[in-house]
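S.K.: I would like to see how this sequence folds:
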Amino acid sequence: MRVLCIFPDDSTTDIYVSEIGEFLRLTQLVNAITMEGINYGVAHTELIVEKESFYVSMLLKHRHSP
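M.R.: Take a look at the predicted model:
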């Protein structure tokens with residue numbers, strides 16, 4: 001399933017996961033997601049339904065080091 005990642009600078013990238021339920025559970029269990037060496041938190045997830053398809057969007061936010 002397609003997951004549209006929306007970065008803090010409004011750029012996007014698509015990732016594809018085989019088990020969306022497992023992926024979403026994992027994002028809730030962890031404190032951060034690292035993509036391309038940058039650490040993010042998940043600010044919001046949403047199911048996007050279009051005429052003939054659907055996908056999940058995931059809004060990411062920067063995480064600051066303690």
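S.K.: What residues of the longest strand along the chain count as buried?
M.R.: Among the segments of the chain that qualify as a strand by DSSP state E, the longest is strand 38-49. In terms of neighbour count (16 or more other CB atoms under 10 Å), strand 38-49 has its buried residues at 40, 42. Quick note: C-beta positions are derived from backbone N, CA and C, even for glycine.
S.K.: Please apply the same query to stretch 46-62.
M.R.: With burial defined by 16+ other CB under 10 Å, the residues of stretch 46-62 counted as buried are 55-56, 58-60.
S.K.: hang on, Thr13 packs against Ile38?
M.R.: No - the pair Thr13 / Ile38 is not scored as a contact, 11.9 Å apart, by CB atoms under 8 Å.
S.K.: Next, name the residue at the spatial heart of the protein.
M.R.: The centre of the chain sits closest to Met58, judged by CA atoms, centre = their mean, with a distance of 3.4 Å.
S.K.: what sits against it?
M.R.: Going by CB atoms under 8 Å, 6 or more residues apart in numbering, Met58 touches 3-6, 27, 42, 44-45.
S.K.: lowest-pLDDT helix or strand in this protein?
M.R.: The helix or strand of the chain with the poorest confidence is strand 33-35; it has a mean of 91 (mean pLDDT, DSSP states H and E).
S.K.: circling back: nearest to Gly21, of the buried residues of stretch 46-62?
M.R.: Lowest distance from Gly21 to those (CB to CB) belongs to Val56, with 10.6 Å.
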